[in-house]
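Asker: missing the sequence, but the structure's below:
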DNA sequence: CTCAGCGTGCAATAAAATTGCACGGATGCG
DNA sequence: CGCATCCGTGCAATTTTATTGCACGCTGAG
């Protein structure tokens, strides 16, 4: 992992749709060397995958929310069980166990409030292990990066 | 946006590195038609961009955290100013203004606690507009999707 | 029923990725 | 200090893939 690798990864994290020849030029390498480096980065797993990022509004998911969750029964097996339940929900894009005043945190992508309501019923009400939960609806997003900063 | 478009988008959201011919086969279309559909989806902006997703551990960012922030001065211009400050930080991957008990929420990708410490000093201490903040370190991630579910 | 419009498949063409090969700098060893 | 080895590189040939022009068929409107 030298300077050229990091440069390549930064390019790929912003736009992986460019041609190999184009990226080779950006980093000052021949197309073949560039290709071999990228292949190696995928091989060793630094690059996990290449994906398309959709426009949420145009994909019909305008609403975004963060929910912190306090469980009734804490501890490993209970937390795990809740997270697995949450992870099965389409609208849940991220599910984490966390330190702090709550046990878990969920990131949601919602079509509308109706979907939010239905999700709350399934995950937080009824016979679930949830003691309390706090919802923060996203008003405005100033930054939203999939890229991981490199040294 | 018909059933084939959604199928294509779902494929692309998981793996955009496949060849066009391969995806055409998956959705039951000829390569040319498939290509024209994908091009159209990019054209109209449903597909925002194609990016590489790195393995955080192998990229040297093992630590992940969520920070909720309460500001001293609330209201639009103050919130905006804080978010812009936060957005300039490399380690901040997401910065949102939210409803609820706090004003903003940040998602962090950290190398180590030293970086966390330094970030807190810059964003939360000194002459900033932050009244209080709560950090939730991610212990375990059960789900982490970039994909947006389609109808 | 007829016609226009749109999306499709096929085949040809253009572009891009991939590979084999030889060179050159860096490293380790005598 | 010189020599051999190894790794990454660039070039050119080859293979694979994307792209385009064109004609067909389905669908809906008149």
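Answerer: Thanks, I have the structure now. Not measured: the values here are computed from a predicted model.
Asker: first-to-last residue distance for stretch A:118-138?
Answerer: Terminal residues of stretch A:118-138 are spaced 19 Å apart (C-alpha to C-alpha, to the nearest Å).
Asker: could you give the mean pLDDT of that stretch?
Answerer: What stretch A:118-138 shows for mean pLDDT is 96.
Asker: distance from that stretch to the middle of the chain?
Answerer: Put simply, stretch A:118-138 sits 21 Å off its chain's centre (C-alpha atoms, centre = their mean, to the nearest Å).
Asker: ok, residues contacting that stretch?
Answerer: Outside of stretch A:118-138, the residues within contact range by C-beta atoms under 8 Å, 6 or more residues apart in numbering or on different chains are A:63-73, A:78, A:81-82, A:85-86, A:89, A:91-92, A:102, A:108, A:110, A:116, B:68, B:96-102, B:105. Every residue, glycine included, has its C-beta placed from N, CA and C.
Asker: what do you get for stretch A:91-99?
Answerer: So stretch A:91-99 is contacted by A:79-80, A:83, A:86-87, A:103-110, A:115, A:119, B:64, B:66, B:135-149 (C-beta under 8 Å, 6+ apart).
Asker: near DNA strand C, list only the ones from those.
Answerer: Among those, no residue sits close to DNA strand C (C-beta under 7 Å from any atom of the strand).
Asker: list the buried residues for the biggest strand by length in chain A?
Answerer: Looking across chain A with DSSP state E, the single longest strand is strand A:130-144. Neighbour counts over strand A:130-144 (16 or more other C-beta atoms under 10 Å in any protein chain shown) mark A:130, A:133, A:134, A:135, A:136, A:137, A:138, A:142, A:143 as buried.
Asker: now swap in stretch A:109-127 and tell me
Answerer: In stretch A:109-127, counting by 16+ other C-beta under 10 Å, buried: A:109, A:110, A:115, A:116, A:119, A:123, A:124.
Asker: chain center to that stretch: distance?
Answerer: 20 Å.
Asker: in chain A, which spans are helices?
Answerer: Listed in chain order, the helices of chain A (DSSP state H) span A:3-14, A:20-27, A:31-43, A:76-87, A:113-124.
Asker: same list (the ones you listed) but as JSON lines, adding distance to residue B:46.
Answerer: Converted to JSON lines, the helices of chain A look like this (distance: least, C-beta to C-beta, whole Å):
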{"stretch": "helix A:3-14", "distance to residue B:46": "19"}
{"stretch": "helix A:20-27", "distance to residue B:46": "24"}
{"stretch": "helix A:31-43", "distance to residue B:46": "26"}
{"stretch": "helix A:76-87", "distance to residue B:46": "25"}
{"stretch": "helix A:113-124", "distance to residue B:46": "20"}
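Asker: nearest to DNA strand D, of those?
Answerer: helix A:31-43 (3.4 Å; C-beta to the nearest atom of the strand).
Asker: tell me what that closest one is packed against?
Answerer: Applying 3 or more C-beta pairs under 8 Å, 6 or more residues apart in numbering or on different chains; DSSP states H and E, one finds that helix A:31-43 contacts helix A:3-14, helix A:20-27.
Asker: out of those helices, which is the most enclosed?
Answerer: The highest average neighbour count among these, using mean count of other C-beta atoms under 10 Å in any protein chain shown, belongs to helix A:3-14 at a mean of 17.
Asker: quick one: mean pLDDT for that helix?
Answerer: 95.
Asker: wait, does that helix make contact with DNA strand C?
Answerer: No - Helix A:3-14 is not in contact with DNA strand C by C-beta under 7 Å from any atom of the strand; minimum separation 11.6 Å.
Asker: quick one: that helix near DNA strand D?
Answerer: Yes - residues of helix A:3-14 contacting DNA strand D under C-beta under 7 Å from any atom of the strand: residue A:4.
Asker: on that earlier part again, which of the buried residues of stretch A:109-127 sits closest to chain B?
Answerer: Lowest distance from chain B to the buried residues of stretch A:109-127 (C-beta to the nearest C-beta) belongs to residue A:109, with 5.6 Å.
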